[in-house]
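K.L.:
any chance you could fold what I've pasted below:
(2 chains)
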Amino acid sequence: METLTVRNISAKNGTFELSKVSFSIKGGEILVVLGQNGSGKTTLLNSIAGFIPVMSGTIELLGQAITNALPEERNIGYIFQNLALFPHRSVKKNILYGTRFKKIEKVKESFDSLVSFFHLQTLLERMPSSLSGGERQKVALARALIVDPKVLLLDEPTSQLSPLEKERVSLEIKQSIKAYGKSAIFVTHSLEEAYIVADRILVLEQGRMLQIGTPEEIFYTPNSQSVAEIGEVNVVQGVVVEADGNLMKIDVNGIYIWVIGEYNKNDLVKVFIRPEEITLSKTLTKTSARNNFEGAVEKTVNRGVLSRIKIRINERVTLNAIVTRQSQNELEISGGKKIYLSFKITSIHSIKM
Amino acid sequence: MKIKDRIFKSILMGIGLISILFIFLPILRLITYSNPSLIIDAIKDQSTINAIMNSIAFSLLTAVFAVIFGTPLAYLMAKKSFGRFEGIVEAVSDIPLAVPHTVAGIALLLIYGRDGTIGSLFYKTLGIKFTGTSIVIIIAMLFVSFPFFIDAAREGFKNVDKALENASRSLGASIFSTFFLINLPLSTQSILTGFLSTWARAISEFGAVVILAYYPMTAPVKIYDAFTQYNLSVSIAIAATLLMFSLAIFIALKILTRERNGNANR
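P.N.:
Presented below is the predicted three-dimensional model:
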């Protein structure tokens, strides 16, 4: 049975409008909602939680309609971006807050089990302001879980942590949600985090749902240019000039890219290439890859241990590749330097326009 | 620090000192001007003590009423509950700040006087007269000091993070429980500040009070009375005594609220 079913909901938050979003999540499943700032992620969560009214559509929790229920009647937990711990209440009082209002069997056992699961034993009498980011995170989770919500909504819960902590904490959050068997909707704009946490990903843009699928589907087989761009995939467009069985030769602004597909000659096709699937080398080497090109490094962006390299192949085509910092040094990559790219035909996704 | 910056800072410091002296000098002069024996005489005079006690009691009651009646309004205003009438409600609640106090007194007289809208109703049905009673003094004090409380409390409620309210609701608390467990405790400091400002404003009220009730005499009326009937030194002695009482309570409450605030932050 579906835990949460959202059908065609539209909601307004100021001038922003969320338009006809539909999805459902199963028991124990984590759905990541991925989108840029202003895409409607928080509006979506707030309408599911009942903080803002929906203009149309329905929301069902375990088969019961909750579209117009008050937030306190929904049995949906919420972890806020700033965690929203009550600053005037100790850790213990924060965790126990919901038990005043909801009938929970064996409150003491639940409390003890959560405190021990999140290792909060020594923090119970402390005030939230004296806790570290990671500790506050755990208190917020314990506070939400003690009232046994059927779904947990998490609004960019790691946004206030350092990049290093972010990865660790998002994995911990995933483990806690799974350990307690909860269904969850996790909002983020970070691709890495989405990949770590998601069972499935829903991509939002300007209040509209673009695609929903497994992380592999979203990152490797995006259904549109927008999804590809959000997933940082290279997108190029070209015309089929040669069809050899299911091998297609596409003319992309003067370069030829081979893809697998079933198109006809002269079909217009969009080609998606994941940046980490592009192999760089200093010399032209013989590889099994059909797609080999020569280019010049246009820009490098360092992102921790990885670097994103923008390579210009001709005046109208550039591709981004991702390499480790070590590879970048070995390849002596610098602006304007000549470089060779190759990528396997099987690593490319394409769609007919 | 560059010389230019130093000069700039010195100028700011100079103007700042002038501003603080502008406030402090008259207060200091009032306290030190009066002959201590005159102050003792003033304190010995039962009517002076009564007037001072009236002022303290009525203004404190005023502040309590401001909390009782002002808190719901401040909360609703902070939550933008009046929709498109929000601007109007805000403007109306601030009107007493812009109205001369004698004008406020006359306006109140038209409502609570023997022939006033409400006053006549009470007089005709129950034989109760407001003018010349402590009730009308508190009404006058409340009218002129109400905006001080509403503005402070409203800011307090506004500053409570919406996420905290939503967290409380998602954990099962109704709006009612959220108000008493989250909004109110987190706005206590602002409510106390509003209470203090209202009290301080009310204790000094003369213009509106004197129109509605010369008796029972409050300290500002007594000072005016002494000024017109006796001489300056008697009114200075009473004024200095009232000032010392007021400052003592004001400082005590400030310390109390600061300690409270300090504890809450720990």
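K.L.:
contacts and neighbour counts: CA atoms only from here.
P.N.:
Will do.
K.L.:
the strands in the stretch 151-300 of chain A, which residues?
P.N.:
Listed in chain order, the strands found in the stretch 151-300 of chain A under DSSP state E, counting those that start in this stretch are A:151-155, A:183-188, A:200-205, A:208-213, A:234-244, A:247-252, A:255-260, A:268-273, A:279-281, A:291-303.
K.L.:
contacts only, for the residue of the stretch 51-200 of chain A found nearest chain B.
P.N.:
For the stretch 51-200 of chain A, the residue closest to chain B is residue A:72, as judged by C-alpha to the nearest C-alpha, at 4.1 Å. Shown in contact with residue A:72 (C-alpha atoms under 8 Å, 6 or more residues apart in numbering or on different chains): B:169, B:170, B:171, B:172, B:173, B:174.
K.L.:
which one of those residues is nearest residue A:154?
P.N.:
Checking those against residue A:154 by C-alpha to C-alpha gives residue B:170 as the nearest, at 12.4 Å.
K.L.:
so the closest one is in contact with residue A:70, correct?
P.N.:
No: in this structure residue B:170 lies outside contact range of residue A:70 using C-alpha atoms under 8 Å: 9.1 Å.
K.L.:
ok, these two, which is more surrounded?
P.N.:
Between residue B:170 and residue A:70, counting by other C-alpha atoms under 10 Å in any protein chain shown, residue B:170 is the more crowded of the two (27 against 18).
K.L.:
ok, the more buried one - contacts?
P.N.:
A:49, A:71, A:72, A:74, A:75, A:76, A:77, A:78.
K.L.:
would you confirm that the second one contacts residue A:50?
P.N.:
Okay, so that is residue A:71. Yes: judged on C-alpha under 8 Å, residue A:71 makes contact with residue A:50 at a distance of 4.8 Å.
K.L.:
give me the more crowded residue out of the two.
P.N.:
Neighbours were counted for residue A:71 and for residue A:50 using other C-alpha under 10 Å; residue A:71 has more, 27 against 23.
K.L.:
residues contacting that one?
P.N.:
A:49, A:50, A:51, B:169, B:170, B:172.
K.L.:
skipping its backbone neighbours, what lies nearest the last one in space?
P.N.:
Read it as residue B:172. residue A:72 (4.1 Å; C-alpha to C-alpha, 6 or more residues apart in numbering or on different chains).
K.L.:
which two in the contacts of residue A:71 are spaced the farthest apart?
P.N.:
A:51 and B:172 (12.9 Å).
K.L.:
so for the chain, the centremost residue is which one?
P.N.:
Assuming you mean chain A. residue A:194 (3.0 Å; C-alpha atoms, centre = their mean).
K.L.:
I was thinking of chain B, sorry if that wasn't clear
P.N.:
residue B:198 (1.9 Å).
K.L.:
what's the helix or strand for that residue?
P.N.:
Residue B:198 is part of helix B:188-203 when elements are defined by DSSP states H and E.
K.L.:
export only the CA atoms of that helix, formatted as CSV.
P.N.:
The C-alpha trace of helix B:188-203 is given here as CSV (Å, rounded to 0.1, in the frame of the first residue of the first chain):
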residue,chain,number,x,y,z
THR,B,188,8.1,37.2,27.3
GLN,B,189,11.0,39.6,27.1
SER,B,190,9.2,41.9,24.7
ILE,B,191,6.0,41.7,26.8
LEU,B,192,8.0,42.7,29.9
THR,B,193,9.6,45.5,27.9
GLY,B,194,6.1,46.6,26.8
PHE,B,195,4.9,46.3,30.4
LEU,B,196,7.8,48.5,31.6
SER,B,197,7.3,51.2,28.9
THR,B,198,3.6,51.3,29.5
TRP,B,199,4.1,51.6,33.3
ALA,B,200,6.7,54.4,32.8
ARG,B,201,4.5,56.3,30.4
ALA,B,202,1.4,55.9,32.6
ILE,B,203,3.1,57.0,35.8
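K.L.:
just checking, residue B:208 touches residue B:105?
P.N.:
Yes: between residue B:208 and residue B:105 there is a contact at 3.8 Å, judged by C-alpha under 8 Å.
K.L.:
so what's in contact with those two at the same time?
P.N.:
With C-alpha under 8 Å, 6+ apart as the test, residue B:208 and residue B:105 both reach residue B:140.
K.L.:
number of nearby residues for residue B:228?
P.N.:
Residue B:228: 11 neighbours (other C-alpha under 10 Å).
K.L.:
same question for residue B:229.
P.N.:
Per other C-alpha under 10 Å, the neighbour tally for residue B:229 reads 11.
K.L.:
how much space separates it from residue B:53?
P.N.:
With distances taken as C-alpha to C-alpha, to the nearest Å, residue B:229 is found 21 Å from residue B:53.
K.L.:
so which other helices or strands are in contact with the strand or helix carrying residue B:249?
P.N.:
Applying DSSP H and E as the criterion places residue B:249 in helix B:232-265. With contacts defined as 3 or more C-alpha pairs under 8 Å, 6 or more residues apart in numbering or on different chains; DSSP states H and E, the packing partners of helix B:232-265 are helix B:3-33, helix B:36-44, helix B:46-78, helix B:188-203, helix B:219-229.
K.L.:
lowest-confidence stretch among the ones you listed?
P.N.:
When these are compared on average pLDDT, helix B:36-44 comes out lowest at a mean of 80.
K.L.:
ok, residues contacting it?
P.N.:
Residues outside helix B:36-44 that contact it (C-alpha under 8 Å, 6+ apart): B:48, B:49, B:233, B:234, B:237, B:238, B:240, B:241.
K.L.:
pull the number of nearby residues for the residue in the stretch 251-353 of chain A that chain B sits nearest to.
P.N.:
Closest approach between the stretch 251-353 of chain A and chain B, counting by C-alpha to the nearest C-alpha: residue A:303, at 32.1 Å. Number of residues near residue A:303 (other C-alpha under 10 Å) recorded here: 11.
K.L.:
repeat for the one 4 residues further on
P.N.:
Other residues within reach of residue A:307 by the criterion other C-alpha under 10 Å amount to 18.
K.L.:
ok, now the one 10 residues further on?
P.N.:
Residues contacting residue A:317 under the criterion other C-alpha under 10 Å number 15.
K.L.:
list the contacts of it.
P.N.:
A:236, A:252, A:253.
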